[in-house]
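Student: okay, predicted coordinates and the sequence, questions at the end:
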Amino acid sequence: MSDATLPSASTPTKPRGTSRARGESSAVQIVLIAVSLAFLLLFLLLPLVTVFVEAAAKGWEAYRAAITEPDAQAAIRLTLLVAAIAVPFNVVVGIAAAWAIAKFEFRGKDLLISLIDLPFSVSPVISGLVFVLLFGAQGYFGPWLQANDLKIVFALPGLILATVFVTFPFVARELIPHMQSLGSSDEEAALTLGASPWRVFFSVTLPNVKWSLFYGVLLCNARAMGEFGAVAVVSGKIRGLTNTMPLHIEILYNEYMGAAAFAVASLLALLALVTLVLKTLLEWHYGDVIAASRHH
């Protein structure tokens, strides 16, 4: 046999079963995509469509009456008010916590990170019960609050406290990895050039993380408007006074006023959809910003 007939050691040989492996890989991809789409259709899209279909089931007049009814209007205003107070508070505290964690080394840093993540691991109902234990009539501070004619539980302050607790991690958790990826070189350069710490923060740090900050604000706001467990415990579910939109929807549904419940739920769903659209648009921009910051 001549050397010409022998396969060269440098000649690449086609692995056996390559076509089969590729075929199996394609089949697996198709199955995974089909399962994902079926899950999204069954558990996300179908319930969302059902909300709007049921909301419109009795016509526009019934829908308008349900969302303009005084208790519904009070629930809408209260939901927006709680979100308008809780979200800015979490923005300020979240920025401060993220700045401290990402830019400085200090004793207790790991503990601070764990405390930021605490609302993710504690049931919202438990957090509501803690506030009742602290500020309720029979709570630790209850007698002092009553003596000074102050009311926290079953009033607006309790709703705000519960909402702030469950939504606190969102802003900080979006900012921390972004600030860490950026490093401190820009801030150090600005300080070297004579800028004050506050000038550095507002002119360098904040502009660098503005998109991740906005992204965290969207997530925080969505959770604030949709929070149920903690708010349900501290609100007392007083119709027209301490009922947020989720609580008002539950009461309507329990009273067999299904069309009205779905009408109010559709408003909450619309707010969620607006947040989702903004979140998606930000993700397109946000991904580019994070990639650029990693090459900074």
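Tutor: That came through, no problem. Here the structure is a predicted model, which is why all the values come from computation and not from measurement.

Student: next, residue 149: phi, psi?
Tutor: phi 60, psi 40 (degrees, to the nearest 10).

Student: and if you look at residue 244?
Tutor: Residue torsions, per degrees, to the nearest 10, at residue 244 are phi -80, psi 180.

Student: number of nearby residues for it?
Tutor: 29 (other CB atoms under 10 Å). For the C-beta atoms, the positions are set from N, CA and C on the backbone; glycine is no exception.

Student: how close does it sit to residue 76?
Tutor: Applying CB to CB, to the nearest Å, the value for residue 244 to residue 76 is 9 Å.

Student: likewise residue 265?
Tutor: In terms of CB to CB, residue 265 sits 12 Å off from residue 76.

Student: do residue 229 as well
Tutor: 20 Å.

Student: next: residue 259.
Tutor: Distance from residue 259 to residue 76, by CB to CB: 17 Å.

Student: same thing with residue 66?
Tutor: 11 Å.

Student: residues that sit against both of the two, list them.
Tutor: Shared contacts of residue 66 and residue 76 (CB atoms under 8 Å, 6 or more residues apart in numbering): residue 264.

Student: any chance of the backbone angles for the most centrally placed residue in the chain?
Tutor: Centroid check for the chain by CA atoms, centre = their mean gives residue 219 as the closest residue, at 3.1 Å. Here is the backbone geometry of residue 219 (degrees, to the nearest 10): phi -60, psi -40.

Student: hmm, it is touching residue 169, no?
Tutor: No: assessed by CB atoms under 8 Å, residue 219 is found out of contact with residue 169, at 9.5 Å.

Student: between residue 265 and residue 76, which is the more surrounded one?
Tutor: residue 265 (23 against 20).

Student: I'd say the more buried one and residue 249 touch.
Tutor: Yes: using CB under 8 Å, residue 265 is in contact with residue 249, at 5.1 Å.

Student: common neighbours of the two, please.
Tutor: Going by CB under 8 Å, 6+ apart, no residue sits against residue 265 while also sitting against residue 249.

Student: pLDDT weak spots in the stretch 1-150 of the chain?
Tutor: Along the stretch 1-150 of the chain, the model assigns pLDDT under 70 to residues 1-24.

Student: helix, strand or coil for the residue lying closest to residue 132 once chain neighbours are set aside?
Tutor: Take residue 132 and drop its neighbours on the chain: the residue closest to it by CB to CB, 6 or more residues apart in numbering is residue 153, 5.5 Å away. Under DSSP: H, G, I helix; E, B strand; the rest coil, residue 153 falls in the coil class.

Student: from residue 78, how far out is residue 153?
Tutor: 15 Å.

Student: neighbour count: these two, which is higher?
Tutor: Between residue 153 and residue 78, residue 153 has the larger neighbour count (other CB under 10 Å), namely 25 against 22.

Student: buried set for the longest helix along the chain?
Tutor: Identified as the longest helix of the chain according to DSSP state H is helix 258-294. Of the residues in helix 258-294, 259-269, 271, 275, 278-279, 282, 286, 289, 293 count as buried by neighbour count, 16 or more other CB atoms under 10 Å.
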